[in-house]
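Engineer: Predicted coordinates and the sequence they were generated for:
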Amino acid sequence: MDRIRLFIDELSTEESTPELTNVYSPDIPQSEICRENLYNYLQRIKSNNTKVMLIGEAPSYHGCRLSGIAFTCEENFTVDIIPQIMGKGLGYKIFSDGKPEKELSASIVWPKLKDWYNLHGSVPLLWNICPFHPHKQGDMMSNRTPRKKEIERGIKYFRELVDIFDIQYVGCIGKKSFNTIESLNFHIACKYLRHPSCGGRAEFIDNINDYMNYYYIDFQ
């Protein structure tokens, strides 16, 4: 049984609303690419993960909305980043016509994951507590903070990934994911990391450097 494929199939059945788009739903133009990119990524992570998840808030319109992968933009598929995990020549597909989309958070997170790989020989799993793109009504080219009920729709998918990947440590990128996971009373080590957007780049880098080094022995 391919649990990753079943996971994505279930995810794709969730209905969108005028303010929340399920980018994995067959009703969305880029959905096939998003599903296949996510499957490709999760399979690669399954073979090279240290039971760590980094979980953000929700997809952005420049990043996961098109790539299907949290904290990842199309530009990440065009350059060498981490062998057999992320970069060009690994089968990831681009939806956009012309120049691949860039995203600020992706440009900050993946270089730090490369540092993580160099230290540990593996990388965390990236996910969002709300796996659907929240935006202004009728405007998918915008972002907004997900509401409580929208986040609640994603909790079962978080739980399932924790089970599939035997996650033991969760680094929460942003307060939304941290507060949500803390409230679940999971028996998992949970750490808050500053989100890199909105002026948080330097603090995020400090936080993830500390996170990498603090748990170094446990990750071995």
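Structural biologist: Cool, the structure landed. A quick note: this is a predicted structure, and the numbers were derived from the prediction, not measured.
Engineer: When you work out contacts or count neighbours from here on, use the C-alpha atoms and nothing else.
Structural biologist: Noted.
Engineer: Let me see the confidence value for the residue nearest the centre of the chain.
Structural biologist: Residue closest to the mean C-alpha point of the chain, counted by C-alpha atoms, centre = their mean, is Ala70 at 2.4 Å. Each residue has a pLDDT score; the one for Ala70 is 98.
Engineer: Check the gap between it and Asn37 for me.
Structural biologist: Using C-alpha to C-alpha, to the nearest Å, Ala70 is found at 11 Å from Asn37.
Engineer: again with Leu113
Structural biologist: For Leu113 relative to Asn37 (C-alpha to C-alpha), the value is 18 Å.
Engineer: Those two - which one has more neighbours?
Structural biologist: Under the neighbour definition other C-alpha atoms under 10 Å, Leu113 and Asn37 were set side by side, and Asn37 has more, 21 against 18.
Engineer: quick one: average pLDDT of the strand or helix carrying Tyr41?
Structural biologist: Counting by DSSP states H and E, the element that carries Tyr41 is helix 31-46. Taken as a whole, helix 31-46 has a mean pLDDT of 97.
Engineer: Return the list of helices and strands in contact with it.
Structural biologist: Here helix 31-46 touches helix 3-11, helix 64-67, going by 3 or more C-alpha pairs under 8 Å, 6 or more residues apart in numbering; DSSP states H and E.
Engineer: Now the last one: average pLDDT?
Structural biologist: This means helix 64-67. For helix 64-67, the mean pLDDT works out to 98.
Engineer: what's that helix in contact with?
Structural biologist: With contact meaning C-alpha atoms under 8 Å, 6 or more residues apart in numbering, helix 64-67 is reached by 23, 30, 33-34, 37-38, 59, 70-74, 93-96, 133.
Engineer: Apply the buried test to the residues you listed and list what passes.
Structural biologist: Buried by 16 or more other C-alpha atoms under 10 Å: 23, 30, 33-34, 37-38, 59, 70-74, 93-95, 133, out of those.
Engineer: What residues of the helix holding Tyr41 count as buried?
Structural biologist: Residues 31-42, 44-45 are the ones in helix 31-46 that count as buried (16+ other C-alpha under 10 Å).
Engineer: between those, which is nearest His187?
Structural biologist: Ile45 (22.3 Å; C-alpha to C-alpha).
Engineer: In this structure that closest one contacts Ile85, no?
Structural biologist: Yes: counting by C-alpha atoms under 8 Å, Ile45 touches Ile85, with 6.8 Å between them.
Engineer: The helix or strand Leu54 falls within packs against which elements?
Structural biologist: Per DSSP H and E, Leu54 falls inside strand 52-56. Counting contacts by 3+ C-alpha pairs under 8 Å, 6+ apart, strand 52-56 packs against strand 125-128, strand 169-173, helix 175-183.
Engineer: before we move on, the earlier item: alpha carbons of the helix holding Tyr41, in CSV - could you do that?
Structural biologist: In CSV, the C-alpha atoms belonging to helix 31-46 read as follows (Å, rounded to 0.1, in the frame of the first residue of the first chain):
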residue,chain,number,x,y,z
SER,A,31,-3.4,20.6,-9.5
GLU,A,32,-1.9,17.7,-11.4
ILE,A,33,1.6,19.3,-11.2
CYS,A,34,1.1,20.1,-7.5
ARG,A,35,0.1,16.5,-6.7
GLU,A,36,2.9,15.0,-8.7
ASN,A,37,5.5,17.4,-7.2
LEU,A,38,4.3,16.7,-3.7
TYR,A,39,4.4,12.9,-4.3
ASN,A,40,7.9,13.2,-5.8
TYR,A,41,9.1,15.3,-2.8
LEU,A,42,7.5,13.1,-0.1
GLN,A,43,9.0,10.0,-1.6
ARG,A,44,12.4,11.6,-1.6
ILE,A,45,12.0,12.8,2.0
LYS,A,46,10.8,9.3,3.1
